[in-house]
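1. Coordinates for the following, if possible.
(one chain, ligands or ions: 2)
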Amino acid sequence: MTETTACTLLQPKEYKSKVKPVWCPGCGDFGVLGSITKALSGLQIQPENAAIISGIGCSSRMPTYLRTYGFHGVHGRALALATGLKVARPELTVIATGGDGDGFSIGGNHFLHTCRRNPNMTYIVMDNQVYGMTKGQASPTTDPHWEKGKLTPGGTGINPFQPLVIALASGANFIARSSSSDSNGTAKVIMEAIRHPGFSLVQILSPCVTFRPEQRDWKNRLIPAPMGPTSDPAQAARRLLTDEGMYTGILFRGDRPPYQPRPEPSIDNIAELDEEFRL
Ligand SMILES: Cc1ncc(C[n+]2csc(CCOP(=O)(O)OP(=O)(O)O)c2C)c(N)n1
Ligand code: SF4
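-> Ligands and ions are numbered 1, 2, ... in the order given. Coordinates of the predicted model:
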């Protein structure tokens, strides 16, 4: 990180790009953009030392709106891209962003194995329990009784995916939930997530006001977690399994060492290796 002085401190707005977001008025993702810029400013991470990586979806537009490095990738592959970048450029602050569809449906397999691998990066999921960009289909986190899904009249009838429980079981090292309606609180959680070594998951409840207008009421249903974070996975599991998805705060801080790529074995004799693989 470049040395900063009081007069060169970067303000949150200086992390925004010149591109104007095309999200629907009132979309929760505006609040998340604000929280990310506050967190980057709070840690005084220079824009050239950060990379925001995403997949596809309304929430995955995030890199476009930030003045850091960025990569708007393909659907469900944000974590694979972000892991590759972190391995190649470990000095960068790498943040993957996206939606519940991108991360837990098409990207579900990468989610499990990124938790397991535990690279030192942060994953921000804007969870609106719907596919917003493709106009309102049920996602893995949708309530089974939501009847307005474009492909699931009558509801999905299947239990929702529990991202935080699954992250814990798969090895994520930091797990938190927050809300797009709490811009400063979410910024603090993101700062902690970036600081914590290993793979940090921040689920941000971020309403899709167009296809799930009832989510505007989420801000009245949030419950600050009654207990501070634990480093005990068993205790975290008990809490996460009983919180009904509305506890906010840092819920788990693990102490697993982050992933370190093994040094490549040296190949002295290519011809010998070639011979081994000859058919
Ligand atoms: C391989 C592939 N399959 C499907 C799509 C269509 N698609 C684009 S975004 C999206 C879901 C987005 O939902 P989510 O990740 O929850 O983000 P949101 O738009 O709600 O922020 C889908 C299915 C695609 N772009 N690529
Ligand atoms: S469709 Fe939903 S998620 Fe997409 S921009 Fe509009 S409100 Fe936001």
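
2. Surely residue 212 touches residue 130?
-> Yes: the pair residue 212 / residue 130 is scored as a contact, 5.2 Å apart, by CB atoms under 8 Å. Where you see a C-beta, it was placed from the backbone N, CA and C, and this is true even at glycine.

3. Please name the residues that touch residue 47.
-> 10, 14, 15, 40, 66, 67, 68, 69 (CB atoms under 8 Å, 6 or more residues apart in numbering).

4. So which of the residues you listed reach ligand 1?
-> By CB under 6 Å from any ligand atom, no member of the contacts of residue 47 lies near ligand 1.

5. out of these, which one sits closest to residue 102?
-> Set against residue 102, the nearest of the contacts of residue 47 by CB to CB is residue 66 (17.3 Å).

6. measure that closest one to ligand 1 for me?
-> As judged by CB to the nearest ligand atom, to the nearest Å, residue 66 and ligand 1 stand 16 Å apart.

7. ok so, going back, so residue 212 and residue 130 - more neighbours on which side?
-> Higher neighbour count among residue 212 and residue 130: residue 130, with 28 against 19, using other CB atoms under 10 Å.

8. Would you list the buried entries among the contacts of residue 47?
-> Buried subset of the contacts of residue 47 (neighbour count, 16 or more other CB atoms under 10 Å): 10, 15, 40, 66, 67, 68, 69.

9. Quick one: the helices in the stretch 1-150 of the chain, in order.
-> For the stretch 1-150 of the chain, helices defined by DSSP state H, counting those that start in this stretch occupy the ranges 29-42, 78-88, 100-101, 108-117.

10. interface residues of the stretch 151-279 of the chain facing ligand 2?
-> Counting by CB under 6 Å from any ligand atom, the residues of the stretch 151-279 of the chain close to ligand 2 are 208, 209, 210, 211.
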